[in-house]
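[1] sequence first, then the predicted structure:
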Amino acid sequence: MDEKILLERIANKDEQAFQLFVEKYHQLVLNVCNNILNNFDDAMDISQDVFIKIYESIESFRGESKITTWLYRISVNKSLNYLRSKKKRKWFSSIDVIFNGDNAKNTPEDIALKPGENIEIEENKKALHIALNKLSKKQNIALTLNNFEDLSYKEIAEIMEISVTEVGVLINRGKKKLKTLLIDYFNNN
């Protein structure tokens, strides 16, 4: 079904159309929330809140950007609001992506590890998590959307409501700081 027609049907409170919309975009929203919240159960709850917000405010979508950009923006904002309300500081749960690939869907049986590799992987995850938590919120979001969600600088700029140049600065500074933090971590441990 064409997205424009789907959105019109949702605006007319067509529950079947909304169900199709949720099925199409649930994984995207869940991944964004999970990357920010670092807790799958919280991400599931917030992703439901995102879709409630979509259902209630579908008329506010003007079509000036892609629907996915709008979904990313709402997902990021809902996740950040949740973090603020709970005063949490954890940001990423997809750290496994860097070490194991495809959002940590691999189970121990799927990965043939040599003795000692599990310990090394866990230490690397710990180091990365510590370093990522030391980045600014904006750097975290920009790096998450760029590296974990494969979004372009332009898409990130639309989601974060900042300029493309600022996105580039955030990502470049974030990567440099992350590299320094990781080097410091391994030199001191």
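    Nice, I can see it.
[2] CA atoms for contacts and neighbours, from now on please.
    Noted.
[3] domains in this protein, as residue ranges please.
    According to automatic domain parsing, the chain comprises the domains 1-89, 109-189.
[4] got those as TSV, with mean neighbour count and mean pLDDT columns?
    Listed next are the domains of the chain as TSV, based on neighbours: other Cα atoms under 10 Å; pLDDT from 0 to 100:
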stretch	mean neighbour count	mean pLDDT
domain 1-89	17	86
domain 109-189	16	81
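[5] helices or strands up against the one helix or strand Val167 maps to?
    If you go by DSSP states H and E, Val167 is part of helix 164-188. On a contact count with 3 or more Cα pairs under 8 Å, 6 or more residues apart in numbering; DSSP states H and E, helix 164-188 meets helix 117-133, helix 137-143, helix 153-160.
[6] same list, those, but as a markdown table with distance to Asp14 please.
    As requested, these are exported to a markdown table (distance: least, Cα to Cα, whole Å):
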| stretch | distance to Asp14 |
| --- | --- |
| helix 117-133 | 42 |
| helix 137-143 | 33 |
| helix 153-160 | 27 |
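[7] residues in contact with the residue positioned nearest the centre of the chain?
    Geometric centre of the chain, nearest residue: Val32, 2.7 Å, by Cα atoms, centre = their mean. Contacts for Val32 (Cα atoms under 8 Å, 6 or more residues apart in numbering) come out as Tyr72, Ser75, Val76, Leu145, Glu149.
[8] gap between it and Gly168?
    As for Val32, its distance to Gly168 is 20 Å (criterion: Cα to Cα, to the nearest Å).
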